[in-house]
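1. okay, here's the prediction I keep looking at, along with the sequence it came from:
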Amino acid sequence: LTIIGAFMIFTGIILHAISRMMFINEQIRRQ
């Protein structure tokens, strides 16, 4: 696995976590 590949995976995980956090915040705000 190359450094660029690992960096892309790491960035993907961070973006996924951020999008999930934003989605949860929207769900909480609506209640």
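-> In hand now; what should we look at? This is a predicted model, so every value here is computed, not measured.
2. any idea how far residue 5 is from residue 25?
-> 31 Å (C-beta to C-beta, to the nearest Å). C-beta here means a position set from N, CA and C on the backbone, and glycine is covered the same way.
3. what does residue 16 give?
-> Counting by C-beta to C-beta, the gap from residue 16 to residue 25 is 15 Å.
4. what helix or strand does residue 5 sit in?
-> Secondary structure from DSSP states H and E places residue 5 in helix 3-30.
5. could you give me the average pLDDT of that helix?
-> In this model, helix 3-30 carries a mean pLDDT of 96.
6. just the buried positions in it, please.
-> Across helix 3-30, burial judged by 16 or more other C-beta atoms under 10 Å covers no residue at all.
7. distance from the chain centre to it, please.
-> 1 Å (C-alpha atoms, centre = their mean, to the nearest Å).
8. so what's the residue most central in space within the chain up against?
-> The C-alpha lying nearest the average C-alpha coordinate of the chain belongs to residue 16 (C-alpha atoms, centre = their mean; 2.1 Å). Under the criterion of C-beta atoms under 8 Å, 6 or more residues apart in numbering, residue 16 has no neighbours.
9. so how far is residue 10 from it?
-> 11 Å.
10. check residue 25 too.
-> Residue 25 sits 23 Å away from residue 10, taking C-beta to C-beta as the criterion.
11. residue 29 too?
-> According to C-beta to C-beta, residue 29 and residue 10 sit 29 Å apart.
12. try residue 31
-> Distance from residue 31 to residue 10, by C-beta to C-beta: 33 Å.
13. go on, residue 20?
-> Distance of residue 20 to residue 10, computed by C-beta to C-beta: 16 Å.
14. then residue 19?
-> 15 Å.
15. likewise for residue 21?
-> For residue 21 relative to residue 10 (C-beta to C-beta), the value is 17 Å.
16. go on, residue 17?
-> Here the criterion is C-beta to C-beta. By it, residue 17 lies 11 Å from residue 10.
17. need the residues touching each of the two.
-> By C-beta under 8 Å, 6+ apart, no residue touches both residue 17 and residue 10.
18. against residue 25, how distant is the most far-flung residue of the chain relative to its centre?
-> Farthest-out residue of the chain from its mean C-alpha position, per C-alpha atoms, centre = their mean: residue 31, at 23.2 Å. To residue 25, residue 31 is 11 Å away according to C-beta to C-beta.
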